[in-house]
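Visitor: predicted coordinates and the sequence they were generated for:
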Amino acid sequence: MKIEGACHCGEIKYEAEVSAEKVMVCHCADCQTFSGSAFRVIVWVDESNIKFPSGKPFEYVKIAESGNKRAQGFCRNCGTGLYATSADEKRSRVYGLRVGTTRQRDQLVPKRQIWLRSRQRWLSNLDSLPGTEKQQ
Ligand SMILES: [Zn+2]
Ligand SMILES: [Zn+2]
């Protein structure tokens with residue numbers, strides 16, 4: 001399916017062709033740090049299926065436990081994280097796009113989870129917490 005997205009300030013825009021089957025939740029510690037939240041929701045997209053018609057993401061490179069270099073693309077102006085991809089010149093750039101930045105995020109439902117080892121235990125209790133439709 002075709003999706004489009006942007007960072008919060010709108011400086012960086014992207015268009016991509018993704019499979020709704022390739023959506024997952026990552027519970028790794030780095031995703032928790034980068035997002036400032038409990039997990040990140042990602043959809044995989046090949047380099048050939050994404051373009052950035054406006055703006056240029058800044059890339060921060062992190063070294064994974066495995067030694068792999070991962071570039072974290074974000075907007076330098078508003079700080080929105082847009083994707084992670086390989087920072088190794090020899091590897092193709094498969095993007096792990098942040099689903100929350102797409103306009104079609106309601107249609108991208110996670111199909112699997114990874115890094116359950118560091119998953120926050122309270123996630124399974126969310127539905128039982130009291131809540132309000134908007135900010136209280
Ligand atoms: Zn921005
Ligand atoms: Zn992760």
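Guide: Ah, there it is. Ligands and ions are numbered 1, 2, ... in the order given.

Visitor: quick one, helices of the chain?
Guide: 29-35 (DSSP state H).

Visitor: name the residues of it found near ligand 1, please.
Guide: Within the chain, the residues that sit near ligand 1 (C-beta under 5 Å from the ion) are 7, 9, 11, 75, 77, 78. Bear in mind the C-beta positions are built from the backbone N, C-alpha and C, glycine included.

Visitor: for the one residue sitting closest to the centre of the chain, list each beta-bridge partner.
Guide: Centroid check for the chain by C-alpha atoms, centre = their mean gives residue 98 as the closest residue, at 2.1 Å. Legend: beta-bridge partners of residue 98 under DSSP bridges are residue 42.

Visitor: tell me the contacts of it?
Guide: By C-beta atoms under 8 Å, 6 or more residues apart in numbering, the residues touching residue 98 are 40, 41, 42, 81, 82, 83.

Visitor: for the closest residue in space to the second one that isn't next to it in sequence, what are its contacts?
Guide: Spelled out, it's residue 41. Sequence neighbours aside, residue 99 is the residue nearest to residue 41 in space, at 4.1 Å (criterion: C-beta to C-beta, 6 or more residues apart in numbering). By C-beta under 8 Å, 6+ apart, the contact list for residue 99 reads 23, 41, 42, 43, 105, 108.
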